[in-house]
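*Asks:* Quick one: sequence and predicted model below, then my questions.
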Amino acid sequence: MHHLLTSFLRSKGIHDDKIIELVCNCFTLKEIKSKSILVDYTAIADAYYFINKGAVRIFTINSEGAESSRYFAFEGNFVAALPSFIDQKPAEEYMQTIEKCELLKISRTNFYKLVETVPTFAKIYTEILELGFIIAQKRIYGFQGFDALEKVQWTIKNQPQLLLRISNKMVASYLGISPSTLSRIKSKL
């Protein structure tokens, strides 16, 4: 159940089997159906997840009921409603499975205990935060001057799994274009 997490930890420089066991023992396996809400808009995020299998998205819903996807995570990655997880205020976003998922869940308490006591785990957390920041910045600033075609081309280059595994409606909301525009562009590529 911890095979993928163990491989991830080893790839990030943790080779001590006792530390790997310590980290893995903090996670519990959760099998979750597709379209399940893991964090509700008004909830406070109290867990971090490592995805063994499946896909998760983070999104908001505007006053007209339109969804706007902010982030997608797949196998071998961590995911959380991070602002809420950090500051312990309501999430003001939703975190949802978009495929049947096998998730490894760690409580906020245990997560921060690992960050405080396992220096290599703290380094991994820093890398996760930095990577998330970089992707968000590239998406925000890159998309400002992009037309629809350029947004799709950026996605093909930087996040190809989105176009292969996620519905056009969800990807379009992430790119800020209509699903029909996305379909038209994909058919020409």
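*Replies:* Received the coordinates, thanks.
*Asks:* all contacts plus neighbour counts: C-alpha atoms, from now on.
*Replies:* Will do.
*Asks:* what are the ranges of the strands in this protein?
*Replies:* Per DSSP state E, the chain carries strands over the ranges 28-32, 37-39, 47-53, 55-61, 67-74, 78-79, 94-97, 101-107.
*Asks:* now stretch 173-185, how far from the centre of its chain.
*Replies:* Per Cα atoms, centre = their mean, to the nearest Å, the displacement of stretch 173-185 from the mean C-alpha position of its chain is 21 Å.
*Asks:* what's the answer for stretch 72-79, then?
*Replies:* For stretch 72-79, the distance to the chain centre is 5 Å (Cα atoms, centre = their mean).
*Asks:* Tabulate the strands of the chain (CSV), appending mean pLDDT.
*Replies:* Output for the strands of the chain, formatted as CSV (pLDDT from 0 to 100):
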stretch, mean pLDDT
strand 28-32, 97
strand 37-39, 98
strand 47-53, 97
strand 55-61, 96
strand 67-74, 93
strand 78-79, 96
strand 94-97, 98
strand 101-107, 98
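*Asks:* got the contact list for the nearest residue to Tyr174 once chain neighbours are set aside?
*Replies:* Spatially, and ignoring its direct neighbours in sequence, Tyr174 is nearest to Ser69 (4.6 Å; Cα to Cα, 6 or more residues apart in numbering). By Cα atoms under 8 Å, 6 or more residues apart in numbering, the residues touching Ser69 are 57-60, 170-171, 173-174.
*Asks:* if we go to 6 Å?
*Replies:* Counting by Cα atoms under 6 Å, 6 or more residues apart in numbering, Ser69 makes contact with 58-59, 173-174.
*Asks:* that older thread, is it possible to export the strands of the chain to TSV including distance to Leu22?
*Replies:* Listed next are these as TSV, based on distance: least, Cα to Cα, whole Å:
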stretch	distance to Leu22
strand 28-32	13
strand 37-39	25
strand 47-53	15
strand 55-61	26
strand 67-74	24
strand 78-79	18
strand 94-97	27
strand 101-107	12
